[in-house]
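> can you look at this prediction? I've put the sequence above it.
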Amino acid sequence: MSRGVASTLFAAAAAVIVVPLATVMAMMLLFVPATESAVCSSAQSTGAGPTTVSGVPAQYLPYYEAGASYFQLGADGWAYLAALNNAESTFGTDNGPGTGVLSGSNSAGAAGPMQIGIGGAATDNWDTVAALIPPIAGGVQPPSVYNEADAVYGAAALLQRWGAPGDWQGALRQWNNFAPEINQVNQLVAQYKSTPQTTVTATPGSPPAPAGSAATGGVDQPSAVSYVNGLSGVKVGFAIVSAGGQVLAQDNDTAQVPGASITKAMLLVAYLDKVGSAPVNPTAAAHLQAMIEQSSNPDGSWVFAQVGARAVHQVAAAAGMTGFVLDTSDPAYTLGQSRVTALDFARFFARVDQLMPAANRGYGMALLENISASDHWGILNAGVGVGASKAGWKPEPGAGWVVNQAGQLRLQGQTAGIAVVSDGSSSLAAGEQIMQTVASDLLASASQPTATPSSASQCGAVSGPTVPGAVAQIEPDGTAAIPAGAPQQVQEAIAAGNAIIHTFYSQERRANMLTQVQDSYDCSGSTDFVLYNAGLNSPQVDVGAGTASDSSMLETYGQGGPGQWITVYANPGHAFIQVAGLVLDTAYYSSVQPASVPDSYPPDDPANGGPASGPRWQPASIIAAQVHGDANGWFDERHPAGL
């Protein structure tokens with residue numbers, strides 16, 4: 001084969017039509033085979049509604065169905081809405097160069113997860129349909145183009161106005177008369193309709209319904225309510241909300257209290273959205289770190305001065321925060337007196353990672369997961385597995401202490417947000433105890449999070465957190481969630497990569513390093529480990545007693561060209577592997593977790609692209625930078641037969 005990655009990229013750059021990287025990657029997924037041989041089991045569709053399908057986030061499916069039903073888009077309406085959400089913003093995760101999920105608009109005057117026109121020639125698009133959107137769970141009032149639920153309903157209204165369902169192709173031309181995107185949407189629609197797994201139903205106009213007041217999915221609400229009711233003179237509210245908007249537990253969840261420093265998490269998202277895909281400069285990084293990890297008030301006020309009130313309101317709208325009231329009167333920390341509710345911050349933390357621009361998501365989540373030891377209390381000491389978090393506290397003269405805390409956790413295989421707010425505690429310590437007790441009572445029966453049952457798990461798939469569809473997803477701790485719609489060996493490859501992401505960088509070759517996890521791996525060693533433990537070894541990988549090869553040997557691995565699921569990139573000096581849309585690489589081209597190694601290991605090595613470390617999961621968008629940044633200037637692309 002030709003040494004084709006670099007030449008292909010250069011040729012693409014010279015083309016007349018330039019397609020954004022997110023769109024290119026989305027189009028690559030169109031060619032994944034949706035057959036029984038690709039996915040080991042698949043339930044039959046009942047026809048009751050849309051289904052969880054390859055590549056579509058399950059939490060958004062009820063929005064697509066309800067929006068299509070409300071605006072009478074017919075049986076295929078949900079699939080067109082999902083396809084447009086994918087094509088326009090990769091389900092709200094990439095709104096284009098220099099913008100984030102919450103940003104104003106792109107150069108064409110379109111905004112939000114569905115990229116609906118808000119300016120220029122498209123002025124009438126959002127203005128025309130916003131008034132048609134009914135009050136819906138997950139939406140905000142007034143409806144916002146930046147809110148996922150509202151945007152889907154707005155898109156449904158526009159498609160109906162432009163001729164759907166009677167003339168879908170005419171409606172798509174009205175949406176964006178650009179043949180590559182129309183072709184992409186049509187192919188995605190065909191893919192989504194042909195790969196049913198589990199039926200999802202929803203009532204028109206209402207996304208996921210609340211779970212009710214009983215213990216649900218490992219959540220023991222009555223115990224927490226009983227504890228709160230026994231408190232005297234303290235106002236307490238709590239909520240747990242799934243990333244899809246389902247309220248799993250609540251009590252006094254809309255009661256408003258001063259937010260104090262918990263609002264600094266909103267400022268972090270607002271600032272990262274402002275910089276978009278650009279790196280955070282050192283000055284801002286110092287302020288952000290102090291604001292989040294040490295909860296510094298002056299640094300929080302500095303960040304607010306950079307982003308402004310409009311950006312904070314946009315964060316609230318995108319997160320679905322309906323009870324948030326901005327107040328800049330606090331002399332110690334500008335937003336300290338802003339009013340917050342438990343429901344709002346549970347919604348916010350349920351999706352905090354998705355609210356950040358993809359390029360800086362790892363950086364932002366690392367700050368929220370590295371709260372200083374002095375602030376490590378409350379829900380963080382409840383043993384319920386909270387990762388990213390933020391707290392706020394302040395004495396109110398003559399009224400006791402305000403103490404609030406919120407965080408993200410995995411609950412029964414899904415991401416969820418938990419928040420507890422309080423006003424009137426006798427001391428900070430008393431407020432901290434309320435946070436811890438409520439979280440413990442709510443989640444004592446949940447213990448450690450488990451993987452979501454999926455079609456893959458029914459055929460002996462490896463254990464671990466899963467994500468619907470065909471694309472793996474980087475978790476806050478740096479591991480990759482296993483795509484439920486991927487073939488068995490692809491799932492095993494992801495699990496193998498997860499086993500070594502905490503290891504260090506070393507070129508040492510050891511016996512059995514492919515069969516037993518060691519404390520260090522280099523580029524080819526980590527690639528070999530993934531292939532070997534997925535049952536994809538070959539003479540180039542299975543080298544003497546399980547010892548890894550070097551990168552040059554991987555130039556002849558498997559079959560030539562990129563694979564549909566797995567691609568090995570190799571040249572004489574470096575190797576890395578792409579699996580289900582993610583890259584496992586020892587060179588840093590994106591924010592990664594774990595971010596550093598103990599001081600006992602070798603000092604930073606610039607030749608490795610960052611801190612001395614080992615393999616880390618990174619988004620596939622790094623491939624272009626990796627190729628251009630490599631001294632050899634090219635990589636051979638190889639793949640396992642059939643994948």
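Looks like it came in fine.

> hang on, residue 60 packs against residue 114?
No: under the criterion of CB atoms under 8 Å, residue 60 makes no contact with residue 114, lying 11.0 Å away. In short, each C-beta sits where N, CA and C put it, glycine included.

> joint contacts of those two?
Residues touching both residue 60 and residue 114 (CB atoms under 8 Å, 6 or more residues apart in numbering): 85, 152.

> residues contacting residue 507?
Residues in contact with residue 507 (CB under 8 Å, 6+ apart) are 522, 525.

> how much space separates it from residue 635?
To residue 635, residue 507 is 19 Å away according to CB to CB, to the nearest Å.

> for residue 381, same thing?
Per CB to CB, residue 381 is found 47 Å from residue 635.

> same question for residue 583.
For residue 583, the distance to residue 635 - CB to CB - is 12 Å.

> any residues in contact with both of those two?
residue 626.

> and the pLDDT at residue 257?
As predicted, residue 257 sits at a pLDDT of 94.

> can you map out the strands along the stretch 301-450 of the chain?
339-340, 389-396, 400-411, 414-425 (DSSP state E, counting those that start in this stretch).

> the ones you listed: which one's closest to residue 142?
For residue 142, the closest of the strands of the stretch 301-450 of the chain is strand 339-340, at 18.8 Å, according to CB to CB.

> from the chain's centroid, how far away is the closest one?
Per CA atoms, centre = their mean, to the nearest Å, the displacement of strand 339-340 from the mean C-alpha position of its chain is 25 Å.

> average pLDDT for it, rounded please.
The model assigns strand 339-340 a mean pLDDT of 95.

> show me what it is packed against.
Contact here means 3 or more CB pairs under 8 Å, 6 or more residues apart in numbering; DSSP states H and E; on that basis strand 339-340 packs against strand 257-258.

> right, and the helix or strand after the strand it packs on?
Later in the chain than strand 257-258, the nearest helix or strand by DSSP states H and E is helix 264-275.

> now do that following helix and strand 400-411, the angle between them.
Helix 264-275 and strand 400-411 are oriented at 60 degrees to each other (axes from the mean of the first three to the mean of the last three CA atoms, to 10 degrees).

> helices or strands next to helix 264-275 in the packing?
Using 3+ CB pairs under 8 Å, 6+ apart: helix 264-275 touches helix 282-293, helix 297-319, helix 342-350, helix 352-355, helix 361-368, strand 389-396.

> got those as JSON lines, with distance to residue 423 and mean neighbour count columns?
Shown next, in JSON lines, are the helices and strands packed on helix 264-275 (distance: least, CB to CB, whole Å; neighbours: other CB atoms under 10 Å):
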{"stretch": "helix 282-293", "distance to residue 423": "23", "mean neighbour count": "18"}
{"stretch": "helix 297-319", "distance to residue 423": "19", "mean neighbour count": "20"}
{"stretch": "helix 342-350", "distance to residue 423": "11", "mean neighbour count": "30"}
{"stretch": "helix 352-355", "distance to residue 423": "23", "mean neighbour count": "26"}
{"stretch": "helix 361-368", "distance to residue 423": "24", "mean neighbour count": "22"}
{"stretch": "strand 389-396", "distance to residue 423": "7", "mean neighbour count": "22"}
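
> so for residue 589, which of those sits nearest?
helix 361-368 (11.4 Å).

> hmm, who's touching the closest one?
The contact list for helix 361-368 (CB under 8 Å, 6+ apart) reads 265, 268-269, 272, 280, 288-289, 292-293, 352-353, 356, 387-390, 408, 474, 476, 590-593, 595.

> where exactly do the helices run in the stretch 401-550 of the chain?
Secondary structure of the stretch 401-550 of the chain (DSSP state H, counting those that start in this stretch): helices located at 428-443, 488-499, 523-533.
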